[in-house]
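Visitor: Got a predicted model here, sequence first, then my questions.
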Amino acid sequence: MASSPVFGAAHESSELRQAEIITNLTEYVFDPQNGEVEASRHSYCVVLSQDCDLLRDFDDQKAGKPSPLNGVLIFLARPATDLRDLVKGSDIRKRIIQNNDERYHVIEAAPAEADALKEGVPALVIDFRRFFTMSAPTLYYQCGLENGANRRCVLSTPYREHLQSRLAFYLARVALPDPHKVSV
């Protein structure tokens, strides 16, 4: 069995990992005006909470302590083949595919041998504007259900850190009231 330098398989019995790809995760959103809950099932999600926080949370839960995390940071992802529908303009798509657009991050396809389900995962596009949180116990619960969410694979070093640094850059950007005026 060949290994992938970019991915490792996710392990259902271990802690969640930063840059772990999860499929078929259901997000529940409560509407306080009518008291209803809307369920949205997401085909592809990427966990982007820090590994150290995820490990501590996992260890505390195993020890019977309450979860110290009030939420795991989860970003929505779409197959890269959806990019034409997602973004108009070939120049922007080219920047996105090369990971040169600050709002988006592209992950190459994961081969079947690096996927916990042995199916492979298509190339994905993450939009840093589309995210939600979910409690770690709820996330583990959904991943343990038959026909529930599936922990598929995890980006390896340095690809994981590359993704995290790009997210940090995007979140740290500062909006200027007026652009600089420079004559050249």
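Guide: Cool, got the structure.

Visitor: all strands of this protein, in order?
Guide: Applying DSSP state E to the chain gives strands spanning 7-9, 20-31, 36-47, 72-79, 104-107, 124-134, 150-155.

Visitor: and the closest residue to Leu171 other than its chain neighbours, what does it touch?
Guide: Here the nearest residue to Leu171 in space, its sequence neighbours aside, is Phe128; by C-beta to C-beta, 6 or more residues apart in numbering that works out to 7.4 Å. For every residue, glycine as well, the C-beta is placed using N, CA and C. Neighbouring residues of Phe128 by C-beta atoms under 8 Å, 6 or more residues apart in numbering: 75, 102-105, 166-167, 170-171.

Visitor: got it, and Asp31?
Guide: Shown in contact with Asp31 (C-beta under 8 Å, 6+ apart): 37-38.

Visitor: one step back: and the contacts of Phe128, which of them are buried?
Guide: With burial judged by 16 or more other C-beta atoms under 10 Å, the buried subset of those is 75, 103-105, 166-167.

Visitor: Ile21 is in contact with Ser43, correct?
Guide: No: using C-beta atoms under 8 Å, Ser43 is not in contact with Ile21; the gap is 10.6 Å.

Visitor: From Tyr140, how far off is the spatially closest residue to Gln50 that is not a sequence neighbour?
Guide: In space, and not counting its chain neighbours, Gln50 is closest to Gln18: 6.0 Å by C-beta to C-beta, 6+ apart. Here Gln18 is placed at a distance of 16 Å from Tyr140 (C-beta to C-beta, to the nearest Å).

Visitor: Check which helices and strands the one helix or strand in the chain whose mean pLDDT sits lowest sits against.
Guide: For the chain, counting by mean pLDDT, DSSP states H and E, helix 83-86 ranks last in confidence among helices and strands (a mean of 85). Under the contact criterion of 3 or more C-beta pairs under 8 Å, 6 or more residues apart in numbering; DSSP states H and E, helix 83-86 touches helix 90-97, strand 124-134.

Visitor: Show me the one of these that comes nearest Glu38.
Guide: Relative to Glu38, the nearest member of those by C-beta to C-beta is strand 124-134, separated by 12.1 Å.

Visitor: one step back: who touches the residue nearest to Gln50 in this structure?
Guide: 47-51, 54, 160, 164.

Visitor: Same list as before, the helices and strands packed on helix 83-86 that is, but in a markdown table and with distance to Arg151 included.
Guide: As requested, those are exported to a markdown table (distance: least, C-beta to C-beta, whole Å):
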| stretch | distance to Arg151 |
| --- | --- |
| helix 90-97 | 26 |
| strand 124-134 | 14 |
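
Visitor: Sweet, I'm off.
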